[in-house]
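Q: Provided below for reference: sequence and predicted model.
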Amino acid sequence: MRIIGHLQEESPARIFGDYLLVQGMENQVEHDTADAAGPWSVWVMDEDRLGEASRLLEEFRRNPNDPRYQKEAHGAASIRASKEQEQEAYRKKMISRRHLFRPVTGYGFGRLTFSLIAISALVFLISKGGRDSESIRWLFISEYVSGPGPFSEVLKGQVWRLFTPIFIHYGIMHVFFNMLWLRDLGSMIEARQSTAKLALLVAVLAIISNSLQYLTSGPSFGGMSGVVYGLLGYIWIRGRYDPASGLFVQQSTVVMMLIWFFACFTGLLGSVANMAHLGGLVAGCAWGYIASQRYR
């Protein structure tokens, strides 16, 4: 989600927001300041349609009283009612997030984020907290500690192995903290950008972090932390260089995570997939920086 511009009064801003919705562009209209005379921001959800939305905003500014805006905006009410019905049906099917996690963010609980957490929890239970590796051997990037060359199963068509180690966790603290971070970071990206964007990020970060860990230390590893560090790096750098993206993480949070990152490399915290952390963090930071340059 990105801001495309401002309108000085609430009524025109609402009309334009309704007009965009009828054109198939989900949006959000927000008051920028506590001052009643302050401007109103127009945010567009789909970043691929920013150019079109900005063009329509310029047209609206030139002639906000054009009857077509009022006429077409009337259809927004029925669209919102339909979407509300769909959301209500979805909410009835889902377990309330209040029963699972304390809602520490204002982003809600993203659907894909919830699904990733649910799969990780299921794998954790099936594998008895990671102790029964035989029951989930098909999730490891490889079943061979030595023998065939790297990625032997993947090259034979088992491409899911590049991704699935992120669902394997060892011990309650391992899965608990990874899921807490995934909940916050993943839900933020789903809310401010899209579920599809989070899916692409998770897939690419998983493949990079898993592959690097495998090539340096073998196949006996698992965990979501490489992806978590990648999402952290993406949000941190994207928010720093592109504030209008709506992504933000506290500097103290970044410092804490980096301290933990380097502490893991000391070996004092036991066996840790350090190269997965490194690969995810570097890839996420690079992705965030490259993405931010598009809007500079």
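A: Looks like it came in fine.
Q: Out of the helices and strands in the chain, which is least certain?
A: Taking mean pLDDT, DSSP states H and E as the measure, the helices and strands of the chain show their lowest mean at helix 76-93, namely a mean of 73.
Q: moving C-terminal of that one, what's the next helix or strand?
A: Counting by DSSP states H and E, the element after helix 76-93 in chain order, helix or strand, is helix 111-126.
Q: Now do that following helix: everything it contacts.
A: 94, 97, 130, 132, 135-136, 139, 166-169, 175, 178-179, 182-183, 186-187, 190, 195, 198-199, 202, 224 (Cβ atoms under 8 Å, 6 or more residues apart in numbering). Placement of C-beta: from N, CA and C, glycine included.
Q: Swap in 7 Å and give it another go.
A: Residues external to helix 111-126 that are found in contact with it (Cβ atoms under 7 Å, 6 or more residues apart in numbering): 135-136, 139, 167-169, 175, 179, 182-183, 186-187, 190, 195, 198-199, 202, 224.
Q: list the buried ones in that helix?
A: Buried residues in helix 111-126, counting neighbours by 16 or more other Cβ atoms under 10 Å, are found at 112, 113, 114, 116, 117, 120, 121, 123, 124.
Q: ok so, going back, okay, angle between the least confident helix or strand of the chain and helix 111-126 too, please.
A: Our comparison of helix 76-93 with helix 111-126, counting by axes from the mean of the first three to the mean of the last three Cα atoms, to 10 degrees, yields an angle of 10 degrees.
Q: now the angle between helix 111-126 and the lengthiest helix in the chain, please.
A: Secondary structure assigned by DSSP state H gives helix 195-217 as the longest helix of the chain. Angle, helix 195-217 to helix 111-126, by the same axes, to 10 degrees: 40 degrees.
Q: what does the helix or strand just after helix 195-217 contact?
A: Sequence order places helix 225-241 as the next helix or strand after helix 195-217, per DSSP H and E. For helix 225-241, contacts defined as Cβ under 7 Å, 6+ apart pick out 166, 178, 181-182, 185-186, 188-189, 201-202, 205-206, 209-210, 245, 247-249, 254, 257, 261, 273, 276-277, 279-281, 283-285, 287-289, 291-292.
Q: Could you do stretch 128-145 as well?
A: For stretch 128-145, the surrounding residues in contact (Cβ under 7 Å, 6+ apart) are 123, 126-127, 152-153, 161-162, 164-165, 167-172, 210, 214, 218-220.
Q: one more time with 6 Å, if that's ok
A: Contact partners of stretch 128-145, identified using Cβ atoms under 6 Å, 6 or more residues apart in numbering, comprise 126-127, 153, 161, 164-165, 168-171, 210, 214, 218-219.
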